[in-house]
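Peer 1: fold the following for me, if possible:
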Amino acid sequence: MIYESQTLVSAMQTRVGQYKDLKEQLTELKKGFESIVNLDDELQGQGQGQSKDFIKHRSMSWILGCA
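Peer 2: Now for the predicted structure:
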């Protein structure tokens, strides 16, 4: 099998750019979730506590694992 180093390097550079974009998107998503979790009285109703807890414990742990 013959490897073309330029093609491989180009593909790796493209992938690095994609991962950087994904990291930026996950960082923005994390900030959005944090703003929801940090709401005081803005969320109202019976489910507000459960919603904040879900975001805090489930979604944030997943995002932190990815970013």
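Peer 1: CA only for contacts and neighbour counts going forward, please
Peer 2: Fine.
Peer 1: same question for whichever helix in the chain runs longest, mean pLDDT?
Peer 2: If you go by DSSP state H, the chain has its longest helix at helix 5-37. Helix 5-37 comes out with an average pLDDT of 91.
Peer 1: packing partners of that helix?
Peer 2: helix 48-54, helix 60-66 (3 or more C-alpha pairs under 8 Å, 6 or more residues apart in numbering; DSSP states H and E).
Peer 1: 7 Å instead?
Peer 2: helix 60-66 (3 or more C-alpha pairs under 7 Å, 6 or more residues apart in numbering; DSSP states H and E).
Peer 1: the most centrally placed residue in the chain and Tyr3, how far apart?
Peer 2: Nearest to the mean C-alpha position of the chain, counting by C-alpha atoms, centre = their mean, stands Leu26 at 2.4 Å. Per C-alpha to C-alpha, to the nearest Å, Leu26 is found 34 Å from Tyr3.
Peer 1: returning to that earlier point: buried stuff in the longest helix of the chain?
Peer 2: Leu26, Thr27, Lys30, Phe33, Ile36, Val37 (16 or more other C-alpha atoms under 10 Å).
Peer 1: redo the residues you listed as a markdown table? Include distance to Met12.
Peer 2: Converted to a markdown table, the buried residues of helix 5-37 look like this (distance: C-alpha to C-alpha, whole Å):
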| residue | distance to Met12 |
| --- | --- |
| Leu26 | 21 |
| Thr27 | 22 |
| Lys30 | 27 |
| Phe33 | 31 |
| Ile36 | 36 |
| Val37 | 37 |
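Peer 1: which two among these are spaced furthest apart?
Peer 2: Across those, no pair lies farther apart than Leu26 and Val37, at 16.2 Å, counting by C-alpha to C-alpha.
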